[in-house]
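1. dropping the sequence and predicted coords here.
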Amino acid sequence: MLHILMVAMSALNAIHAILFFYLVGFTGYVQPFLYKPEEGRIWDPSCIVHNGTYYCYFMYESPEDAASNNHSSHYGHGFLATSVDGVHFKDFGSINEEYVGVGWFKCMVHRATNTPDGSPVWVMNHGTSGTVNGPDPRNETLPDDRGCPAPWTQCLRVLTSSDLLHWEYNYTFHPDSQWYKAGRWDHMYMHKTDNNYSYWNNAPGNGFVGFPVATPLGTPAPGITSSSNGVNWTVHAPLEIEWGGVTPASFEIGGVEKMGNAYYMIGGTVAYGQTGYSMYVLKSLTNNITGPYAPDKEAFRMSGTSSTRGCCVQALATWIRNYDTLEFLISQYMVMPYRGGAHALNGGGDVWLLPLRKPVVDENGHLRLQFWEGNTALTGTSIPILNDSLVVVNGHGCNVTWVQTTTAINHTIGAILTATITVSNVTESAGGVLSSVGVALEDDVSYQPVNLNYDRPGNDYHCFGVNDSYKWQSCAAACEADDTCEAWTMVTKEGQTSESGRLYPCQNPHDKHTLVPPYCTLKHPVPLSLVPRPGLITGLPNRSLKDSTATVTLTSISDGITDNVKTVIGTHTESEDQVSILDTTGTFPCGDNVTCKDATLASLTPGKHSLRLLFRRGMFEVYADNLLVQTFTYGTYPMLTGKVGFAVNGSATVRFDNIQLSQMSLS
């Protein structure tokens with residue numbers, strides 16, 4: 001299956017603590033870009049950075065959980081992975097096991113008040129599900145907000161640690177019935193307050209505030225808690241949100257942090273007429289972390305999809321606090337379609353941590369996701385290519401030009417494609433659809449790479465001359481169009497002489513004259529062997545491409561007039577010009593007569609832009625000018641090998657320069 005990821009240029013019409021693994025230097029399983037553990041399934045990452053180490057905590061379904069169904073929804077443990085660069089993570093292992101029948105749901109971690117000797121106290125909270133029992137003794141009278149008695153169906157565990165590795169249980173607490181009802185009382189993002197913190201009377205100026213996922217009695221909103229030491233929490237009324245015509249929605253909170261002069265709270269849900277899970281942004285209306293907040297309508301959807309392919313193409317994102325630099329990143333994860341074996345939550349398959357993103361606030365005060373430069377640690381061995389510059393002049397429809405490689409691209413390892421694109425001659429075509437440009441991925445496990453400085457012996461049944469402007473591409477195209485052709489060889493100017501010092505002759509009886517390079521030979525039949533010959537290029541036809549299907553990502557080029565700019569993902573067959581839409585970002589209805597916009601890149605201007613594509617195993621992420629365009633799936637998971645290239649849609653001239661391709665680094 002062919003997959004085109006395009007950047008388009010106008011709108012389409014259309015707990016008790018059980019402690020394991022102490023040493024940070026543990027050299028276990030490593031997965032770069034899209035991490036998952038060696039065995040078992042993760043869900044809902046929460047990460048922090050301390051003393052140069054990235055700690056990522058997950059819900060965890062162990063193989064034993066999946067086999068025995070001992071825990072609610074199978075997830076009965078926490079799991080820890082660590083990294084020294086935020087890219088290459090190592091399994092640390094299970095950190096806590098819940099009681100039989102109790103689910104271990106998403107956690108949050110924060111540094112609380114230091115101990116008297118100055119060392120930090122780390123606090124973790126995580127949600128539970130099922131009939132919550134232990135470890136609080138049932139024969140003891142607990143405070144009103146402690147434990148998890150009926151009718152509460154979900155409660156929060158609180159644990160502490162001095163090293164982020166060993167965790168000790170403190171207590172369990174539940175919502176307050178004067179503000180909340182039975183439902184969600186899950187992961188609570190914790191934040192140290194500043195001197196402006198004055199939401200409650202007599203509240204400490206340097207206390208802590210928490211925002212749990214909650215089910216209020218009234219309008220949907222996160223809960224609020226407070227603490228003087230970051231360990232013992234008191235429940236308060238829900239967060240105040242001024243929806244401003246946006247339909248209220250229940251969000252799973254991914255945290256809140258201050259950037260510039262405002263606090264940005266992110267939360268995930270499936271809402272607003274869309275079937276895919278997405279992350280949304282609430283922005284503070286004052287310089288107070290406790291609100292009130294309002295939807296940022298101009299950049300409301302931070303990331304996510306309008307549709308889904310199985311389950312949760314992009315799931316819950318969370319702020320990452322770096323305690324060393326006081327900077328922030330954002331994590332998110334992807335759930336692949338179910339392919340057998342144990343199910344993840346919501347019926348999904350394998351769960352992967354995506355590359356970390358950098359949050360930025362633009363000149364208009366909107367939160368957006370940017371490529372994090374730390375991800376350049378993914379760059380591994382360069383893949384030799386034959387065309388580091390391309391010019392595509394397109395008339396209509398989709399035109400795919402492949403990056404020709406001398407070795408196959410290993411999608412199991414993953415790869416990175418970067419280029420500079422220059423767009424010109426952008427004109428409106430019929431139907432109001434403007435030009436599009438982007439990158440392409442092809443699901444063709446039988447793909448044969450072009451071989452540089454090699455020949456394939458065989459009968460040269462047809463030879464023809466080519467000029468410098470066409471080079472070997474016309475040779476490959478002629479073979480593709482000729483059902484007799486089993487291979488092609490291009491003799492370049494650098495390959496003028498054979499071993500005997502003469503020009504390579506054509507063996508076709510009808511073309512006995514000697515051609516001057518550059519020229520092309522089509523072959524039939526062909527032995528399987530390759531013969532080293534300097535200055536020659538040879539390849540095999542990939543006829544499966546004729547009826548292949550593409551997944552395209554199209555980001556609008558602004559004409560300064562049209563407001564309906566958007567990024568579109570769809571399928572496209574090479575024999576047709578139409579695109580069947582799978583997903584759209586850009587604008588969407590978010591209330592009665594209210595329209596909201598996406599924070600991901602939805603438009604470009606004519607001119608020069610940078611393009612970056614990261615892809616692995618059927619998952620991809622594309623950036624333009626370092627801003628996130630979209631994350632989605634391609635091919636049939638797990639992808640093994642295939643092609644990558646560029647695509648142009650509509651009437652535009654696009655130049656691709658500085659094309660570089662590399663496999664990802666596994667260590």
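-> Everything's here; your move. Residues are numbered from 1 along each chain as shown.
2. residue boundaries of the helices in this protein?
-> 63-68, 471-481 (DSSP state H).
3. winner for burial among those helices?
-> helix 471-481 (a mean of 19; mean count of other Cβ atoms under 10 Å). No exception for glycine: its C-beta is placed from N, CA and C like everyone else's.
4. now for that helix, which elements pack on it?
-> Using 3 or more Cβ pairs under 8 Å, 6 or more residues apart in numbering; DSSP states H and E, the elements in contact with helix 471-481 are strand 487-491, strand 519-523, strand 531-539.
5. try it again with 7 Å
-> strand 487-491, strand 519-523 (3 or more Cβ pairs under 7 Å, 6 or more residues apart in numbering; DSSP states H and E).
6. my read: Ile409 touches Gly645, true?
-> No - with contact defined as Cβ atoms under 7 Å, Ile409 does not count as touching Gly645 (10.8 Å).
7. out of these two, which sits in the more crowded spot?
-> Between Ile409 and Gly645, Ile409 has the larger neighbour count (other Cβ atoms under 10 Å), namely 25 against 21.
8. what pairs with Ser227 across the strands?
-> Counting by DSSP bridges, Ser227 forms beta bridges with Phe208.
9. count the residues that sit near it.
-> Counted with other Cβ under 10 Å, residues neighbouring Ser227 total 21.
10. one more: Met59?
-> What Met59 shows, counting by other Cβ under 10 Å, is a neighbour count of 28.
11. give me the pLDDT for it.
-> Note on Met59: pLDDT of 93.
12. which residues does it contact?
-> 42-44, 75, 104-106 (Cβ atoms under 7 Å, 6 or more residues apart in numbering).
13. quick check: it vs Thr489, distance?
-> Distance, Met59 to Thr489, using Cβ to Cβ, to the nearest Å: 55 Å.
14. phi, psi of Cys485?
-> phi -70, psi 130 (degrees, to the nearest 10).
15. what sits against it?
-> Applying Cβ under 7 Å, 6+ apart, the residues contacting Cys485 are 479, 522-524, 541.
16. now it, nearest residue through space, not along the chain?
-> Closest residue in space to Cys485, ignoring its immediate chain neighbours: Cys479 at 4.0 Å, by Cβ to Cβ, 6 or more residues apart in numbering.
17. which one of the contacts of Met59 is nearest Val466?
-> The closest of those to Val466 turns out to be Ile42 (Cβ to Cβ; 52.6 Å).
18. the closest one pairs with what?
-> Tyr60.
19. can you read off the pLDDT for it?
-> At Ile42, pLDDT is 91.
20. I'd assumed Phe58 was in contact with it.
-> Yes - applying Cβ under 7 Å as the test, Ile42 and Phe58 come out as touching, 3.9 Å apart.
21. who's more crowded, those two?
-> When neighbours are counted by other Cβ under 10 Å, Ile42 and Phe58 differ, and Phe58 comes out ahead with 29 against 23.
22. where along the stretch 201-350 of the chain do the strands fall?
-> Ranges of strands in the stretch 201-350 of the chain, per DSSP state E, counting those that start in this stretch, are 208-216, 224-227, 234-236, 252-259, 262-269, 278-284, 293-295, 301-304, 318-322, 328-331, 333-335.
23. out of those, the one nearest Thr567 is which?
-> Closest to Thr567 of the strands of the stretch 201-350 of the chain is strand 301-304 (Cβ to Cβ; 11.4 Å).
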